[in-house]
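J.: Sequence and predicted structure, then a few things I'm wondering about:
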Amino acid sequence: MNTNDPIISIQNLTCGYDDTVIVDNVSFDIFKGEVFVILGGSGCGKSTLLKNMIGLYQPMNGKIFFGTDELTGAQGEQRDKIICKFGVMYQMGALFGSMSLLQNVMLPLEEFTNLPREAISMVAQCKLAMVNLENAAYKLPSAISGGMKKRAAIARAMALDPGILFLDEPGAGLDPISSAELDELILNLSRTLGITFVIVSHELESIYKTADRVIMLDKDVKSIVAEGDPKQLRDTSENLFVKRFFHRQPSLGKTGHDKNVSTAE
């Protein structure tokens, strides 16, 4: 068991939309250098939880800590200071289509630092080199593959040297080779730079390869139903939903599902 202080601490968090609770009263810690995956079936609240963790939405209840700094309720310079502790790669990359990859990576540096433009360009080029895109720096997003867009988005997320990267469905829409290359990149960045990854995913092959620890959400209980090493959960869990999910087993209901089982997205 990790005895270090958590780099992220989620305490009694409830989140959703309007008056609808999606995730109810969850608590967990994430430690430095982990590849931590949030998984579960469709509609279980994976993306909702992520959006609350990165401050896009305000939770209904509970607290989110990055180290000793509380994001919930933080405003102004205090909030900016916390936000700069992490970078985010959104599901489709969210690159600006009219800007080159280099310009996309330069954006956070231009907004949050006072570095001269030449230095900003050099830092951005270094980040692109870290994801093996140094030769594509001046290309537009429309001119590169889906896997390259994901890697460019990771380079932009690393622009301010955060210790934490949030990745939303990094393997979505990628062919097997591109997905495997992205897995290798995540592992390399984790091992060489000590970056903590928080990943929303349901891609089992990638999860087995990259994840140190996972939490599994279930939409019926609106909470965490499993936590731990994904291979151990696959091999030893007695929870029916967890077993079916990890073994890709269909549910038993006449309509293809039952109230205790969610299908993967």
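T.: In hand now; what should we look at?

J.: which residue ranges form the strands in the protein?
T.: Here the chain has its strands, by DSSP state E, at 8-17, 20-30, 35-40, 61-66, 69-70, 86-89, 164-168, 196-200, 213-218, 223-228.

J.: Ile120: which of those is closest?
T.: Among those, the nearest to Ile120 by Cβ to Cβ is strand 86-89 (15.9 Å). (Glycine included, C-beta is placed from N, CA and C.)

J.: can the strands of the chain go into JSON lines with extra columns for distance to Gly147, mean neighbour count and mean pLDDT?
T.: Listed next are the strands of the chain as JSON lines, based on distance: least, Cβ to Cβ, whole Å; neighbours: other Cβ atoms under 10 Å; pLDDT from 0 to 100:
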{"stretch": "strand 8-17", "distance to Gly147": "27", "mean neighbour count": "18", "mean pLDDT": "94"}
{"stretch": "strand 20-30", "distance to Gly147": "26", "mean neighbour count": "17", "mean pLDDT": "95"}
{"stretch": "strand 35-40", "distance to Gly147": "19", "mean neighbour count": "24", "mean pLDDT": "94"}
{"stretch": "strand 61-66", "distance to Gly147": "29", "mean neighbour count": "18", "mean pLDDT": "95"}
{"stretch": "strand 69-70", "distance to Gly147": "34", "mean neighbour count": "14", "mean pLDDT": "94"}
{"stretch": "strand 86-89", "distance to Gly147": "12", "mean neighbour count": "24", "mean pLDDT": "93"}
{"stretch": "strand 164-168", "distance to Gly147": "13", "mean neighbour count": "23", "mean pLDDT": "95"}
{"stretch": "strand 196-200", "distance to Gly147": "16", "mean neighbour count": "24", "mean pLDDT": "96"}
{"stretch": "strand 213-218", "distance to Gly147": "23", "mean neighbour count": "22", "mean pLDDT": "94"}
{"stretch": "strand 223-228", "distance to Gly147": "30", "mean neighbour count": "17", "mean pLDDT": "94"}
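
J.: Quick one: closest of those strands to Leu133.
T.: Of all these, it is strand 86-89 that lies closest to Leu133, at 13.6 Å by Cβ to Cβ.

J.: What helices and strands are in contact with that closest one?
T.: helix 146-157, strand 164-168 (3 or more Cβ pairs under 8 Å, 6 or more residues apart in numbering; DSSP states H and E).

J.: now the angle from the longest helix anywhere in the chain to strand 196-200?
T.: Longest helix in the chain, counting residues (DSSP state H): helix 176-193. For helix 176-193 against strand 196-200, the angle by axes from the mean of the first three to the mean of the last three Cα atoms, to 10 degrees is 150 degrees.
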